[in-house]
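> With the input below, show me the fold.
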Amino acid sequence: MTDFKGIRGWKVQTLSSDPAASIAASGVWTSAPNLNAAIREGGGSGTPTSAINVGGVPYPMTSEQWNGTTWATFANMGTPRTKNQTSGDYTNAITANGATPSTPGPGTINNCESWNGSAWSEIAELSTMRESYGMSTGGTNTATIVFGGYQGTYLNNVESWNGSSWTEVAEIAPRTQLMGTGTSTAALAISGNSPSGVTTANEYWNGSSWTEIAEVNTARRAGACSSEGYPSALLFGGTTGSPGPLIAKTESWDGTAWTEVNDLGTAVFHNKGAGSSGSSALSYGGQTPPEVASTEEWTTTPAPTFQKLNLGQVYFNSTANAFKVTEQPVPGGTWASGGNTNQARAYYGGYADHATQTEAFIYGGSLTSGGPQLTQSENYNGTSWTEVADLNTARGERGAGAGTYASALFAGGQVQGEPAPADEHEQWDGSSWSEATESNTDRRDFHGNGPSGSSAMIVAGYDGSTYVANTEIWNGSSWTEVADLNTARYANGSIGSTTSSICAGGRTSSYVVVNESWDGSSWSEVADMSTGRQSYTMSGHTSTLGFVATGYKSPAPNYVTNVELWNGSSWTEINDVSTARSGASGGGTASAGIIATGVPPGSNSQITEEFTAPETNKTITVS
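Model (predicted):
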């Protein structure tokens, strides 16, 4: 196979035919021989033919080795432990810290041990005791790093091992029960529990510093990774809350982005992982919730030419004698039915703008404008809705939601029977709602956006007597007023982040088409929408690519099916939804979005529709 020079940063390869746009999906999990003992919260790492597990619960746990075919026991560590991690394989490995279930309290063990293929020996201790931390599991007993963890609080410090001593190096965002993969000079710190809830964060270590890179699609804690995982890795298992639904979802990392691929056969958390890349891995042990001994093996058959063809990646088709590129033409996307919600509602505060099509979140609202108001929250897994913990205060009338299912907020709205808009603000940590600091301006019928419940903004609305131009930014503990919109309005939409977003449409004395762009310090008018509307849904994680759908306008027919795509500079009408409605809300991206519920009353109030724009291959023409 001929390799061409890189074009715009991509490695260009020759193929005899057009591949599927996402070849990584060809991988599958299959059952493999079980561990000799059921286990959770041990330390696992290694290759597809030389994986290990040491420590764990039940306590003390026997050490086991995988040779590519079966599991066998081997020498136990000098100090039994659980909630530890390992780096390396059966020929050389290291494990650090952890906890002893017989001695209550976090970080009860401070010693580290090294394995040379025949015996364990004690080595220098870490500076900081910790449990449930991350580790570069593809390292060795002479080169690895540990990061994050827990010792009565979430830790952010990182320590590097050089074979004889530990050295503190650059810090990461504080979290515990995160997943680690890679080596001491190229590692990933993935997802986990942060102070604000389960996170989608993904950080890359280059040997001297950490950089935030593309986030995972599904936030999780206590899952597993293939060990030698940069720039190719798998992420699998875990749970979304504390506790929360178990995860079977698998994601493939190609060095640039995460792609959802085939699920584990059994959803599990506190499992362990090994493997050399995104095309070969093991998942073993864990909880379902009892401890399990099961092992699953990931293989890609046939082995893919590319791990994944990214959008915009160029390849050469030798049969057609033409260069081609993968693309995702969003205007050609289509709508399909999803699962109905359990509770009919409209004018609610969810999805949080940064939700995904397979993990959306709705909360509060009412069946019709004016009530009765609701407390119910529901989470969507791509197929069905599940009721989760209620809000503390029932309210609707389009309070603002932001974030994801792991970390969200709901601000403002209207409480049944109260004359003025609500001042309540609640935060979601992945399992429950709690009261938080009130915003400066009480309002209803407005919109929020932002990546999490600790980084969000709210804009526009109605304060009970007038339309609002006010914008506020939330930093996780307090609200700050920033520059106003140029056009005050309510029942608007907004997508993006606290530093880059748009606010489109809504209502003043009439239905407006005005669209404004936020650059982190001020609002400026940009291209208007085609159809003025209010109480519509808006989807997309960025200010440069998203869509608006449905809503209410004048003249009749008042409830619309119209959908418009924003590309960062202009609006284009794309395929309509099936059901006209108002008061719905949306989540996901511009190419994989979702809307649910809405009015007029009736079956519309529980309907979910999903938008998908498939990846395709396109010939590059040169003129």
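> what comes up buried for stretch 432-450?
By neighbour count on 16 or more other CB atoms under 10 Å, the buried set for stretch 432-450 is 432-433, 436, 439, 441-450. Quick note: C-beta positions are derived from backbone N, CA and C, even for glycine.
> repeat for stretch 57-71
For stretch 57-71, burial by neighbour count (16+ other CB under 10 Å) applies to 57, 60, 61, 62, 63, 64, 65, 66, 71.
> Could I get the contacting residues of residue 457?
Counting by CB atoms under 8 Å, 6 or more residues apart in numbering, residue 457 touches 402, 448-450, 471-474, 494, 497-498, 501, 518.
> Most neighbours out of these, which is it?
Per-residue neighbour counts (other CB atoms under 10 Å) across the contacts of residue 457 peak at residue 402, which has 32 neighbours.
> And the pLDDT at it?
For residue 402, the pLDDT comes out at 90.
> Could you do the one 3 residues further on as well?
Turning to residue 405, the model gives it a pLDDT of 85.
> In this structure it contacts residue 219, no?
Yes: using CB atoms under 8 Å, residue 405 is in contact with residue 219, at 6.9 Å.
> just to revisit the earlier point, closest one of the buried residues of stretch 57-71 to residue 344?
Taking CB to CB as the measure, residue 344 lies nearest residue 57 of those, at 43.5 Å.
> What ranges in the stretch 151-300 of the chain fall below the confidence cut-off?
By pLDDT under 70, the weakly predicted segments of the stretch 151-300 of the chain are 229, 242-243, 277.
> And for the stretch 301-450 of the chain?
301-313, 368-371.
> sorry, back to before: now the common contact residues for residue 405 and residue 219.
240, 359, 430.
> Name the nearest of those relative to residue 420.
Nearest to residue 420 among the shared contacts of residue 405 and residue 219, counting by CB to CB, is residue 430 at 31.2 Å.
> Quick check: the gap between the closest one and residue 365.
21 Å (CB to CB, to the nearest Å).
> Those two: which is more packed in?
Regarding residue 430 and residue 365, a neighbour count based on other CB under 10 Å identifies residue 365 as having more, with 32 against 28.
> Could you pull up the residues touching the more buried one?
So residue 365 contacts 345, 346, 347, 348, 349, 373, 374, 396, 583, 597 (CB under 8 Å, 6+ apart).
> Which pair in these has the greatest spatial separation?
373 and 597 (14.5 Å).
> give me every residue that touches residue 246.
Counting by CB under 8 Å, 6+ apart, residue 246 makes contact with 237, 238, 239, 267, 268, 269, 288.
> Go ahead and confirm the second one touches residue 191.
Just to be clear, that refers to residue 238. Yes: with contact defined as CB under 8 Å, residue 238 and residue 191 form a contacting pair (7.3 Å).
> what is in contact with the two at once?
Between them, residue 238 and residue 191 share the contacting residues 179, 220, 221, 223, judged by CB under 8 Å, 6+ apart.
> Show me the beta-bridge partners of the first one.
Which is residue 179. Beta-bridge pairing for residue 179 (DSSP bridges): residue 190.
> Could you give the number of residues near it?
Neighbours of residue 179 (other CB under 10 Å): 28.
> tell me the contacts of it?
Neighbours of residue 179 in contact, by CB under 8 Å, 6+ apart: 134, 188, 189, 190, 191, 192, 220, 223, 224, 225, 235, 238.
> and residue 331, helix, strand or coil?
Look at residue 331: counting by DSSP: H, G, I helix; E, B strand; the rest coil, its state is helix.
> Kindly report the same for the one 5 residues further on.
Using three-state DSSP, the structure places residue 336 in strand.
> Now name the helix or strand holding the residue nearest to it when sequence neighbours are not counted.
Nearest non-adjacent residue to residue 336, counting by CB to CB, 6 or more residues apart in numbering: residue 610, 5.4 Å away. Per DSSP states H and E: residue 610 is located in strand 608-612.
> Name the surrounding residues that touch that strand.
With CB under 8 Å, 6+ apart as the test, strand 608-612 has contacts from 333-341, 357, 380, 385, 539, 547, 549, 563, 577-579, 588, 591-597.
> after that strand comes which helix or strand?
Following strand 608-612 in sequence order, the next helix or strand is strand 616-619 (DSSP H and E).
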